[in-house]
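1. dropping the sequence and predicted coords here.
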Amino acid sequence: MSLRFLLATSSLTVALLLSPLAIAQEPPVEPEGSGPAAAAAVPAAQPEPAPQGQKFDAPLREMEERIVGLKENIYATKTRLVLLKERILSNVVSEAWAIIVHQNDMGSAFSLDQVMYYMDGKKKFFMKNKDGILDNQKIIEIFSGSVVPGNHNITVEMVYVGTGSVFTYLKGYKFKITSKYTFYASQGRIVKIESVGYEKGDFTYSLEDRPAIKFLVTQYKFDKENLAKLTGEKKASDK
């Protein structure tokens, strides 16, 4: 084997051994359009624009709040008007006047334990016979004031207790009586209603059936003289 052949063979062997290392060290080929330059060329992602409806959300909310505020102001105004109307109707001096008087004409067999009055559905008077206060007041003015001309209703409730002065078995026994009455207040007139607790019937009636209520009505011309006289009757009767 010649020296030239051996050198050629050695050169080929070295080349074969070095070729994988050269291939491994060769930089990879980047695909076209990649790399830093390509990355710089791609524009950054832009935020999506807000939907068209969202532009009007804030003004709509503001408008709704203003509408709610206006509704509240309107409601408050209506409430003030209603209160003002009631105040005017309650305080105005109309051309009709009503006087309601309670009178106790019950006999000694019964003692008034409590009394209550309503006029037009509103409570006007209530009193219990504490410390005998009702025993000492045979006449009590329940109401005196201007009223709207027209019909008005009175509801009276009286509770009597048997004293036992006539029949001992009635002592402590309670009798509750209720009565209603409708009166008419005329324009330019004073109407006086006396609600009287009394014993109805005669000796043929049993005592249990005697407690009752009756109403006496009188009318007067509405002027200062009659008004002073009628409202002074109570003061005179108390003396």
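-> Arrived safely. Numbers count the residues shown, from 1 in each chain.
2. so where's the chain shaky on pLDDT?
-> Within the chain, the segments meeting pLDDT under 70 span 1-56, 83-94, 166-167, 169, 233-239.
3. can you give me the strands in it?
-> Ranges of strands in the chain, per DSSP state E, are 96-104, 110-119, 122-128, 139-146, 150-162, 174-185, 189-199, 211-221.
4. quick check: buried residues in the fifth one?
-> Counting neighbours by 16 or more other CB atoms under 10 Å, one finds that the buried residues in strand 150-162 are H152, I154, T155, V156, M158, V159, Y160, V161, G162. Every residue, glycine included, has its C-beta placed from N, CA and C.
5. next: the third one.
-> If you call a residue buried by 16+ other CB under 10 Å, then strand 122-128 has these buried ones: F125, M127.
6. can you check stretch 211-223 too?
-> Within stretch 211-223, judged by 16+ other CB under 10 Å, the buried ones are P211, A212, I213, F215, Y220, F222.
7. quick check: phi and psi on S206?
-> phi -70, psi 150 (degrees, to the nearest 10).
8. quick check: longest helix of the chain.
-> Scanning the chain for the helix with the most residues, using DSSP state H, yields helix 57-91.
9. could you say what helices and strands that one packs with?
-> The contact analysis (3 or more CB pairs under 8 Å, 6 or more residues apart in numbering; DSSP states H and E) places helix 57-91 against no helix or strand.
10. tell me what angle that helix forms with strand 139-146.
-> 120 degrees (axes from the mean of the first three to the mean of the last three CA atoms, to 10 degrees).
11. rewinding a little: select, out of the strands of the chain, the one closest to T231.
-> strand 139-146 (5.9 Å; CB to CB).
12. identify each buried residue in the closest one, please.
-> By neighbour count with 16+ other CB under 10 Å, strand 139-146 contains the buried residues I140, E141, I142, F143, S144, S146.
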